[in-house]
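In: Turn this into a structure:
(one chain, ligands or ions: 1)
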Amino acid sequence: MSSKWGSRVRQQPAILGGEPVFPEPIPLTRPTLQVDDALFDDLRGVFSSGILTNASHVAAFEREAADFLRVDHIVATSSCTAGLMLVFRCLSLTGDVILPSFTFMASGHALVWNGLTPVFADSDLRTYNLDPMSVSTALTVQSRAILATHVFGAPIDVAQIEWVARHRNIPLIIDAAHAFGATYSDGTKIGSKGLAEVFSLSPTKPLSSGEGGLIATGDAGLAKELRTAREYGNAGDYDSILVGLNGRMTEVSGIMGRRNLEHLPQWLDRRQQLVSRYTRRLSGVPGLGFQEILAGATSTYKDFSITVRQEGFGMGRRLLATSLSEENIPTRNYFNPPLHRQKAYSRYSGTRSLPNAESLADESLTLPLYSHMPTEYVDGVCDAVLSAHDYCEEIAGRDSGTMAERVR
Ligand SMILES: Cc1ncc(COP(=O)(O)O)c(C=O)c1O
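Out: Model (predicted):
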């Protein structure tokens, strides 16, 4: 059977009794790892040296990452969360920090751990990123910094947000957890803007070191302070100069990061190809929306997240996720609830409504993507989405029947 979108589709979705597209569940994501003899040789070297943390491999990784990003300073940390916490610790701010609500919880946590008050701004429905207009509206005399996130690896509208920050003379810090290897519209790499940009190297990120983070900054004084802060605030004489953390990166992570960085460009190309295929096959389907990448910019596609509207697609995000799950296709609903609706943030968010963050959280559906994912998986997922759309009335009817049964 051929759908009106020109694809090959199966007779019947699994949720209606058909054969699942995939016989076994496929992964939603997998770590991107370069595992080879060079990796094992370096690991053997570290284990026999007995020097396990923050030594020559971490230092080399910092230099290589700085060269790759063309930034002056890179400070490696144990995670992005620790990196963000340390940046705000070194800034010694008190007051409010404006951030998007449509981001991962770690962005907000880093502020609250530093005694700062998160003030949530809304996001742009096209880019899923912090809306510069909403930032301007959220500014008050208490505002001390802006924290923006490159959501799913897509660059923020940095020129606009930097303008707002400069205008108010407050720093812009960027949660670049998803975005190592992405580029801004002006061709510079993510990592080169704001006072600091902080990357995550956790297992789901296109560049991973197992766990880890990298802080990029052009400010030599801040970089120096961060190096002390990641050592508990101990500059070497055990008379701590600030209340820091153990935020060090291990040598094992340094080795993994170095090996993976060598291969990153080809992996990012592969992700781009997979996403192009997804969008080629799914664009034009009523009710589906796609994250816009600003003109001239590139994304890492840490995630491929679409939005699903009941009007148009014929079912909402929840029912499509259930339908895909029956086809052995896992999905996620990032970031739901958005921060201002999370329990930990109830005392900060008041009754503020952020309609775009709320609708993105409600409608977003992350589809399977990882750097070495077979092309056939993209095709299988697209077939399943298209088939769900073709059979939307039957699936919705079956769902309301099941709901009625549950209520009875
Ligand atoms: C936007 C964002 N910020 C921060 C983090 C925290 O990164 P890490 O796990 O390296 O601390 C994540 C984790 O996925 C994230 O998605």
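
In: got the end-to-end distance for stretch 204-217?
Out: Stretch 204-217 has an end-to-end distance of 24 Å (criterion: C-alpha to C-alpha, to the nearest Å).

In: Residue of the stretch 201-350 of the chain closest to the ligand, please.
Out: Here the residue of the stretch 201-350 of the chain nearest the ligand is Ser202; by C-beta to the nearest ligand atom that distance is 4.1 Å. Using the backbone N, CA and C atoms, a C-beta is placed for each residue, glycine as well.

In: tally of neighbours for the nearest residue to that residue once chain neighbours are set aside?
Out: Nearest residue to Ser202 in three dimensions, chain neighbours excluded: Glu211, at 5.5 Å (C-beta to C-beta, 6 or more residues apart in numbering). Under the neighbour criterion other C-beta atoms under 10 Å, Glu211 is assigned a count of 19.

In: Glu211 touches Thr77, doesn't it?
Out: No. Under the criterion of C-beta atoms under 8 Å, Glu211 makes no contact with Thr77, lying 9.9 Å away.

In: Could you report the pLDDT at the residue nearest to Ser202?
Out: What the model reports for Glu211 is a pLDDT of 98.

In: For it, give me its contacts.
Out: Contacts for Glu211 (C-beta atoms under 8 Å, 6 or more residues apart in numbering) come out as Ser78, Ser79, Leu201, Ser202, Pro203, Ser253.

In: So which bits of this structure are right by the ligand?
Out: Applying C-beta under 6 Å from any ligand atom, we find that the chain lies next to the ligand at 79-81, 103-104, 106-107, 149, 175, 177-178, 200, 202, 213.

In: among those, which are in strands?
Out: Here DSSP state E is the test, and the residues of the chain next to the ligand give Thr149, Asp175, Ser200, Gly213 as lying in strands.

In: What is the nearest of these to Ala121?
Out: Checking those against Ala121 with C-beta to C-beta, the nearest one is Thr149 at 11.2 Å.

In: residues in contact with the closest one?
Out: Taking C-beta under 8 Å, 6+ apart as the definition of contact, the neighbours of Thr149 are 99-100, 103-104, 107, 129-130, 156, 174-178.

In: Can you redo the residues you listed as CSV, where the extra columns are neighbour count and pLDDT?
Out: Conversion of the contacts of Thr149 to CSV gives the following (neighbours: other C-beta atoms under 10 Å; pLDDT from 0 to 100):
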residue, neighbour count, pLDDT
Leu99, 28, 98
Pro100, 33, 98
Thr103, 27, 98
Phe104, 18, 98
Ser107, 26, 98
Asn129, 25, 98
Leu130, 31, 98
Ile156, 32, 98
Ile174, 30, 98
Asp175, 29, 98
Ala176, 32, 98
Ala177, 29, 98
His178, 26, 98
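
In: out of those residues, who's nearest Glu62?
Out: When the contacts of Thr149 are compared for distance to Glu62 (C-beta to C-beta), Ala176 comes out closest, at 15.6 Å.

In: is it true that the closest one touches Leu201?
Out: No. Checked against C-beta under 8 Å, the pair Ala176 and Leu201 is beyond contact range at 11.2 Å.

In: Provide the contact partners of stretch 130-142 at residue level.
Out: Residues from elsewhere that reach stretch 130-142, judged by C-beta under 8 Å, 6+ apart: 95-96, 98-100, 117, 119-124, 146, 148-149, 156-157, 160-161, 163-164, 168, 354, 356.

In: can we see that at 6 Å?
Out: The list of residues contacting stretch 130-142 from outside it, by C-beta atoms under 6 Å, 6 or more residues apart in numbering, reads 95-96, 98, 100, 119, 121-124, 148, 156-157, 160-161, 164.

In: Next one: the nearest residue to Gly296 once chain neighbours are set aside from Trp113, what distance?
Out: With C-beta to C-beta, 6+ apart as the criterion, Gly296 has its nearest non-adjacent residue at 4.0 Å, and that residue is Ser185. Distance of Ser185 to Trp113, given as C-beta to C-beta, to the nearest Å: 33 Å.

In: Tell me where the stretch 201-350 of the chain has helices.
Out: Per DSSP state H, counting those that start in this stretch, the stretch 201-350 of the chain carries helices over the ranges 220-229, 251-282, 310-313, 317-326, 346-349.

In: Need the contact partners of the first one.
Out: Under the criterion C-beta under 6 Å, 6+ apart, residues His73, Val75, Leu86, Arg89, Cys90, Ile215, Thr217, Ala235, Gly244 lie in contact with helix 220-229.

In: swap the cut-off to 10 Å and go again
Out: 54, 62, 71-77, 82-83, 85-87, 89-92, 171, 195-196, 215-217, 219, 233-236, 240-245, 247-248 (C-beta atoms under 10 Å, 6 or more residues apart in numbering).

In: and if you look at the last one?
Out: Identification of contacts with helix 346-349 by C-beta under 10 Å, 6+ apart yields 96, 101, 108, 111-112, 117-120, 338-342.

In: ok, of the residues you listed, which come out buried?
Out: For the contacts of helix 346-349, a burial check counting by 16 or more other C-beta atoms under 10 Å picks out 96, 101, 108, 111-112, 118-120, 338-342.

In: shared neighbours, Ala176 and Leu201?
Out: In the contact map built from C-beta under 10 Å, 6+ apart, the residues linked to both Ala176 and Leu201 are Cys80, Gly83, Gly213, Leu214.

In: Low-confidence regions, the chain specifically.
Out: Counting by pLDDT under 70, the chain contains low-confidence residues at 1-10, 350-351, 401-408.

In: how about a cut-off of 80?
Out: Within the chain, the ranges that satisfy pLDDT under 80 run 1-11, 349-352, 399-408.
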